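Enquirer: just to be clear, the model below is a prediction. Sequence and coordinates:
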Amino acid sequence: MEDVCEGKDFSFPKEEEKILHLWESIQAFKTQLERTAHLPEYVFYDGPPFATGLPHYGHILAGTIKDVVTRYQSMNGHHVTRRFGWDCHGLPVEHEIDKKLGIKSRDDVLAMGIDRYNEECRSIVTTYVKEWEEVVNRTGRWIDFRNDYKTMDPQFMEVIWWVFAQLYDKGLVYRGFKVMPYSTGCKTPLSNFETGLNYKNVSDPAIMVSFPIVGDPDNAALVAWTTTPWTLPSNLALCVNSDLQYVKVREKVTGAVFIVAESRLSELPIKKAKEDGLVVSMKKLSVSSSENKGVIIDKVQKTKGIDSYELLQKFSGSSLVGIKYKPIFDYFSEFAESAFCVVADNYVTDDSGTGVVHCAPAFGEDDYRVCVAAGIIKKDEDLVVAVDSDGRFTKKILDFSGRYVKDADKDIINFLKVGL
């Protein structure tokens with residue numbers, strides 16, 4: 001038996017390289033497949049990586065786990081075919097081509113021609129094959145690169161459609177709706193992975209808006225805090241937390257009456273108030289996923305204590321449920337019977353804002369869920385979406401029709417100010 005060096009003279013990497021050389025010299029993987037060809041087949045579906053990038057730690061970890069599973073099944077008397085694959089569809093490939101050709105929008109693609117664009121995408125699929133093979137083989141994984149497959153292969157796509165057809169014929173396919181991240185540049189929904197590809201810290205306006213309560217003896221208004229003014233034209237509900245305590249207070253100077261979470265009363269500014277509309281002018285905030293609910297707000301123009309307000313009433317959030325309020329826009333008046341009321345859900349917290357959240361079900365996953373549960377909209381029915389695929393307001397939003405939503409933030413804020 002060959003002596004094994006010990007201590008500082010022993011090198012794991014060198015020993016691994018010796019084993020890899022041995023496997024290559026005896027064609028170990030190929031020989032195993034030949035010897036097990038008559039045995040029962042074990043099918044292992046291996047999700048392929050994107051074809052546009054280099055392998056990283058996550059690929060190495062997942063690949064090692066997959067290798068353990070397939071080796072175990074081989075040793076237990078199965079024939080295990082292992083083919084490497086490439087995911088050629090989706091935004092990662094398109095993103096690379098867009099950078100290469102300076103493409104900025106879907107219209108640029110159409111001008112170029114979809115056939116030419118697809119050919120450009122196909123051309124980069126094999127860019128990193130050599131690097132992938134070196135890394136994967138170095139990790140000791142047994143998998144066939146010579147007989148690989150690509151999701152753009154017609155045969156592969158036809159199989160996927162055949163499988164989908166089987167599911168459909170068995171009644172296992174249904175149509176539903178889900179609020180998802182969306183790219184107005186690519187005109188397509190985004191996966192969580194794709195959403196993070198170009199993550200940036202940005203500045204957005206944070207505003208407080210008052211929604212007058214219908215029939216309130218004190219002419220009180222619920223105050224909601226939002227960082228997405230462009231969603232206000234699509235507001236259908238206000239959401240509170242049933243377990244939080246809320247207060248009705250009167251501003252001593254102006255006499256305006258507001259309802260907010262008790263713990264957020266100090267957030268109300270001392271500012272001349274009106275019956276409805278904007279309570280606080282635009283502030284700037286920095287968005288960061290590492291902070292509370294993704295938001296850090298510059299806490300300026302705070303009240304000088306609750307002495308600025310007269311406490312009129314204190315009550316639980318649950319007592320607010322069902323109260324109707326006056327919408328600040330009338331674009332969705334057809335929903336008046338079921339919408340523009342207070343609902344409750346635990347996703348509303350008192351760590352930021354006012355304890356009152358404005359809900360636009362077409363633009364928020366929680367908004368959609370809460371509005372469906374409250375019967376304001378019906379699950380899986382077509383939503384009235386006030387924004388087109390280019391991210392511009394539709395004709396339904398008369399005052400801002402054709403405006404890109406983020407560009408319209410200031411317009412909406414100014415519109416509310418004028419309406420005070």
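Expert: Arrived safely. Residues are numbered from 1 along each chain as shown.

Enquirer: Glu310 falls within a strand, correct?
Expert: Yes: the assignment for Glu310 by DSSP: H, G, I helix; E, B strand; the rest coil puts it in a strand.

Enquirer: settle this for me: it is touching Lys252, isn't it.
Expert: Yes: between Glu310 and Lys252 there is a contact under C-beta atoms under 8 Å: 5.9 Å. C-beta coordinates here come from the backbone N, C-alpha and C atoms, glycine included.

Enquirer: so which strand or helix has Arg122?
Expert: helix 114-123 (DSSP states H and E).

Enquirer: residue contacts, Gln245?
Expert: For Gln245, the contacting residues are 261-263, 314-317, by C-beta atoms under 8 Å, 6 or more residues apart in numbering.

Enquirer: actually, Gly215.
Expert: Contacts of Gly215 (C-beta under 8 Å, 6+ apart): Lys324.

Enquirer: measure it to Tyr325 for me?
Expert: 10 Å (C-beta to C-beta, to the nearest Å).

Enquirer: next: Val384.
Expert: Applying C-beta to C-beta to Val384 and Tyr325 gives a distance of 20 Å.

Enquirer: low pLDDT regions in this protein?
Expert: Within the chain, the segments meeting pLDDT under 70 span 1-7, 270-306, 382, 418-420.

Enquirer: for it, which helix is longest?
Expert: Using DSSP state H, we find that the single longest helix of the chain is helix 57-75.

Enquirer: what's near enough to touch the residue most central in space within the chain?
Expert: Using C-alpha atoms, centre = their mean, the residue of the chain that lies closest to the mean C-alpha position is Pro181, 4.3 Å off. Taking C-beta under 8 Å, 6+ apart, we find Pro181 in contact with 189-190, 192, 194-195.

Enquirer: again, only using 6 Å
Expert: 190, 195 (C-beta atoms under 6 Å, 6 or more residues apart in numbering).

Enquirer: then Leu167?
Expert: For Leu167, the contact set (C-beta under 6 Å, 6+ apart) comprises Val173.

Enquirer: rewinding a little: any of the contacts of Gln245 buried? List them.
Expert: Neighbour counting with 16 or more other C-beta atoms under 10 Å marks 261-263, 317 as buried within these.

Enquirer: which of those residues sit farthest apart?
Expert: Ser263 and Gly317 (11.5 Å; C-beta to C-beta).

Enquirer: can you give me the buried ones in stretch 142-158?
Expert: Across stretch 142-158, burial judged by 16+ other C-beta under 10 Å covers 142-143, 148, 150-152.

Enquirer: also stretch 110-128?
Expert: 117, 120-121, 125, 128.

Enquirer: Val342: helix or strand, and which one exactly?
Expert: Going by DSSP H and E, Val342 is in strand 341-344.

Enquirer: which residues in this structure form strands?
Expert: Per DSSP state E, the chain carries strands over the ranges 83-86, 144-150, 182-183, 188-189, 203-212, 221-226, 237-240, 245-251, 257-261, 277-287, 295-297, 309-316, 341-344, 357-359.
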